[in-house]
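*Asks:* Sequence and predicted structure below; questions after.
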Amino acid sequence: MRDKRFIRRAAGTIFANGFLFRNPVVIGALGMYQVVSACYSLKNAAALSLLFLLTAMPAGLVMCLIGMALPDWSRPGAALAVSAMFYIPAVYILEAVLPGAAGSLGFAAALMVCNSAVYSRVEEYAPSHVAAAVVADIAGNSAGFAAAACVTAAVRELWLSGGLWGRQAGDAAGGFSYPFAGFMILGILAALVQWINSRRREKYAEKKGR
Amino acid sequence: MWKVPHGVKLEQMKRPSLEKPIAALTGNDKKQERGIFKLPEKKVSSPLILSAVGQAGITDETDGRRLYDKLVLLKSGKTGLGYAARACGAKKTAAIVGGSAGCGADGKVRVIRADPSRYPALAPAECELKRCGSYAVIGAQACAAVYDAVKNRKPQSETVVTVAGDGAPDWFNCRVKIGTPISEVLGALRGDYSAVVTGSSVKGKAAKDLSEPVRADTRLLLVLKKAKARSVFPCIGCGRCTAACTQGIVPWAVLKEMESGRADILRLPNVQRCIGCAACNVACPSCIDLCAAVQKAGRLKKSGDIYAGA
Amino acid sequence: MCAPYVKSGPSASAMLNQTLAALAAMLIVPTVRYGARPAAMAVMAVLTCAACEAFCSLMRYGKIRIDDSSFAVTGLTAVMLTPVNAPVWLPCAACAAAQLAAKAPFGRYGRPPFNIAAVAGAFAALCWPSESFTYMDPAKPFTLLPFGACEYTAAVSPAAVLKNGLKPDVQPLDMLWGTGVGAIGTTAALVIAACGLFLFIRRAASLETTVSFLLVCALLAAFFPRIACSPLTSVKYELLSGSLLFCSVFMVTDPSTSPKTFAGRCVYGALAGGLLMAVRYFGAFGQGACFAVLLADAAVPLIDNFSFKTVTVFGRRSV
Amino acid sequence: MFYSMMFAALLAVSAENMFLSAGMGFSRVLRAARSPRGIGPASLFVTFFSFCSSVEGYFLFPLLPAEGEKAAALRPAVLACAAAVTYMAAAFVLKSFFPGFYEKNSRTMQLSAINTAVLAIPYVQNSKGFGLAQSAGFALGSGLAFFIASALAAGGAPSCENPDMPKAFRGLPASLIYVGILSMGLAGFTGGPAF
């Protein structure tokens, strides 16, 4: 009973870290390509986030099972291959949810296989942790990726077409959909999260002090 | 590389007033006149001069140090005998002369020219002197005091102070007793001034109150109309500090390195040479205290630990 | 108040103010020719920059603290690079974006690694290409209100004509007087030269950067002419068209974003010139100055490191 | 032939610099910039692996479906598997023949073998219709592009953590903005997104 609660709390912490405090995109600087150059409409962002989750979750679980059995030198390749395997069903599910999304995203979607955020979860974290932790971590990181992607996309779509969810995924237009804008928005987001972290640290220090 | 004359050009506060005659500041004999002291023998010899200098308590005005210490240091110097005349039996003597002024030296004295319009004026001359082994630069007033001490056994009791600055209508030199309050020196001065700076215009410090005594190394009283505060900017990268430095230091790079938090002593060349002349501060358009940074870097380099800059 | 009590050479704020004065002088000719609109644009842009500056300092220090005039320089430079018939909000928006995204994160004047005005120009060119590249023909009749819409006949700037590989129908010497088609501050070559002279004499701008910049541009124009004409004509057209001259005097010479050694500044100027001609030849816009300056600024830290090494290794160790 | 190769390389370095103008594999760039000594080896690895992946792409693309969901699903999977096999082969060879070298560089090697930019090359050369020579040139050029991007990011690092800037922006946020401005400058060449 107690360790159940412990596990739940630990899972909560891991999720929170992945989602905000150690956000893979704005703090870890991982997997920025999709956010920067493809997230100029909310539909793109949603599609990419879904792909992230559907690719990373099963691949992470598999690597959690077999990861330790593999020799070190082959683990990265194996991780890539595994996520490639699970990318195929992910695309079909995505097509069912948002028709035409994968095609219109072009290779922004295709490169989700080797997105360094997915890769770092699957290759570094999963093999050396228990399944519950892996699930919490990947869920948290997917949420974090989705948050970063959606905020970036929302800002840019509002700037470009004054509305949300209106633009068809894939049609690029206007300067603000170029990568530089994505980089700048990400930078400001990253500053925001850093500020939150520093405030947290101060509060923690005060608590320690008292 | 393109040639830039090193050091910085200053509008001279002191030099124009040097042509003026030295007026003795009259009155105030309250200060106790220290008496004639005794010396063992008549004939002038190295130990005699040394003891005379010691007893006269002469301070060298160029760098406020006790002349006795300077001489003894030189005498016991690892490189053998140095400059300080017969006190320590020097081989050579030379006079560092600014501009065309005062080359009344007869043929015996070697004359080193120093450009007085550049700051620091002494640095090139000292570089020349470095080549002839260990040396010391002794101020004219100190030399006069030595003569006084040796010939008629008088301790150093007075010094020559120049009063200059935009707050002083007429600049003048006066011979004052050491310990006279600044206010008495400025007593004769008409004109409104808000700040008085003792010491040089580059490194001197503003006098807290005018009752501060004149010390043996107080050469200049800079009287300023108004103390204008300057705002400090970040480095704007004009590179003037490099041209100003006489020691081949690159102050902007040193500052950048020290700011980076991970100062690497391998990327701090020449900083140990800094003579603290603060010419870089004068040149800096952003009013950054580069000199302090360079000397911090020098200490860091001496201490020798790689990542102490953090 | 503390030592030193004497300074040699102008202070940083004095240099900024001199640049500001030069830019203000640049504003006279357009105001005389086009009425109040350029002045209004300039005022609005400068006010926007000031507002952004105040906002940032408020966010950071909790009080409004503006201790240099670099924001005004940014605003005026950005205005100089916009066509007079462009909407007034264009330079303002560009300046606001540049101030908030490219200056505030890096600190006060001297810290930002990129030329803020160049960021503003590039931002405007990328986000509103049509507004920032439609020029009016000053020869045809026009009505320009200080604010609001204005009627004019559009014309193609010599830079765009060259971009299309054609020969501008204006004599090179006519480009000197600022009667040509182009952005507000970039057409009057003689005024630019005069302001540049002022800045060089007052040591607010470094001559060597401009010289190497112009030299490289001229060489490239002479050896690879875009239009069928003699090398000299090509050089005249390339140098006098677009914002090249303005950039050479007011943008590449900004001390805070240019290298700190003489040799470094020469290399920087050459690099910027090469990049500018590259953007003109292969780029998407006829107006390449801002992009070239941005790319050259990115190389400054490397140039500085290298030149610092050379200074300390081969240079004088001591006097 | 040679000229088209060089032109593709130049393209990869300047206008279509995958790392700076599109932010592909950018986590690797920042990582390399953090330790400037590692930039050289990393970019050598990137060059090698992008060359491999461009060759694979050149030969695999015709075999894969070109249209529809199947393409969207199968292409990436197959190409990724190919890249994984390449990496494993390289790692195995290095490990068995140059163990010391492998020990020192294994991390750098896997990070430069498995990243977005390397796997993007087949798509780029497909969308641009490159021939074999151009693909090879583009791959080599992107190695150089990685080097340049890392060098620029490393050079910008000091100004991204100077003592004068707001605390919140110190470090990564500032360098993200730095790179944003840089890619803005590069956009002047293409006038839009490169890919």
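*Replies:* Cool, the structure landed. Numbering: from 1, shown residues only, chains lettered A, B, ... in the order given.

*Asks:* Next one: the one residue in chain A that gets nearest to chain C from B:Gly179, what distance?
*Replies:* Nearest residue of chain A to chain C: A:Gly175, at 3.5 Å (CB to the nearest CB). From N, CA and C alone the C-beta is placed, and that goes for glycine too. Noted for A:Gly175: a distance of 75 Å to B:Gly179, by CB to CB, to the nearest Å.

*Asks:* Next up, the contacts around residue 182.
*Replies:* In the absence of a named chain, this looks at chain A. For A:Gly182, the contact set (CB atoms under 8 Å, 6 or more residues apart in numbering or on different chains) comprises A:Val35, A:Val36, A:Ser37, A:Cys39, A:Tyr40, A:Thr152, A:Arg156, D:Gly23, D:Gly180.

*Asks:* let's do chain D instead
*Replies:* C:Leu294, C:Leu295, C:Ala298, D:Leu20, D:Leu152.

*Asks:* with these in mind, which one is nearest to chain B?
*Replies:* Relative to chain B, and with distances defined as CB to the nearest CB, the nearest of the contacts of D:Leu182 is C:Ala298, at 15.1 Å.

*Asks:* ok, the closest one touching D:Gly185?
*Replies:* Yes. At 7.0 Å, C:Ala298 counts as touching D:Gly185 under the criterion of CB atoms under 8 Å.

*Asks:* and the contacts of A:Gly182 near chain C, which?
*Replies:* Checking the contacts of A:Gly182 against chain C by CB under 8 Å from any CB of the partner chain, the ones in range are D:Gly180.

*Asks:* Of the contacts of A:Gly182, which is the nearest to chain B?
*Replies:* Once CB to the nearest CB is applied, the member of the contacts of A:Gly182 that ends up nearest chain B is D:Gly180, at 22.0 Å.

*Asks:* Remind me which helix or strand that closest one belongs to.
*Replies:* Applying DSSP states H and E as the criterion places D:Gly180 in helix D:172-190.

*Asks:* do D:Ser150 as well
*Replies:* Assessed by DSSP H and E, D:Ser150 sits inside helix D:132-160.

*Asks:* helices and strands around that helix, which ones?
*Replies:* helix C:289-313, helix D:2-13, helix D:18-21, helix D:26-34, helix D:39-60, helix D:116-128, helix D:172-190 (3 or more CB pairs under 8 Å, 6 or more residues apart in numbering or on different chains; DSSP states H and E).

*Asks:* export the second one as PDB, just CAs?
*Replies:* Extracted C-alpha coordinates of helix D:2-13, given in PDB (Å, rounded to 0.1, in the frame of the first residue of the first chain):
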ATOM      1  CA  PHE D   2      32.500  17.700 -60.000                       C
ATOM      2  CA  TYR D   3      31.000  21.200 -60.300                       C
ATOM      3  CA  SER D   4      27.500  20.000 -59.500                       C
ATOM      4  CA  MET D   5      29.000  18.100 -56.500                       C
ATOM      5  CA  MET D   6      30.700  21.300 -55.300                       C
ATOM      6  CA  PHE D   7      27.600  23.300 -55.900                       C
ATOM      7  CA  ALA D   8      25.500  20.900 -53.900                       C
ATOM      8  CA  ALA D   9      28.200  21.200 -51.100                       C
ATOM      9  CA  LEU D  10      28.100  24.900 -51.200                       C
ATOM     10  CA  LEU D  11      24.300  24.800 -51.100                       C
ATOM     11  CA  ALA D  12      24.500  22.600 -48.000                       C
ATOM     12  CA  VAL D  13      26.800  25.000 -46.300                       C
END
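
*Asks:* is chain A contacted by that helix?
*Replies:* No. Helix D:2-13 is not in contact with chain A by CB under 8 Å from any CB; minimum separation 15.9 Å.
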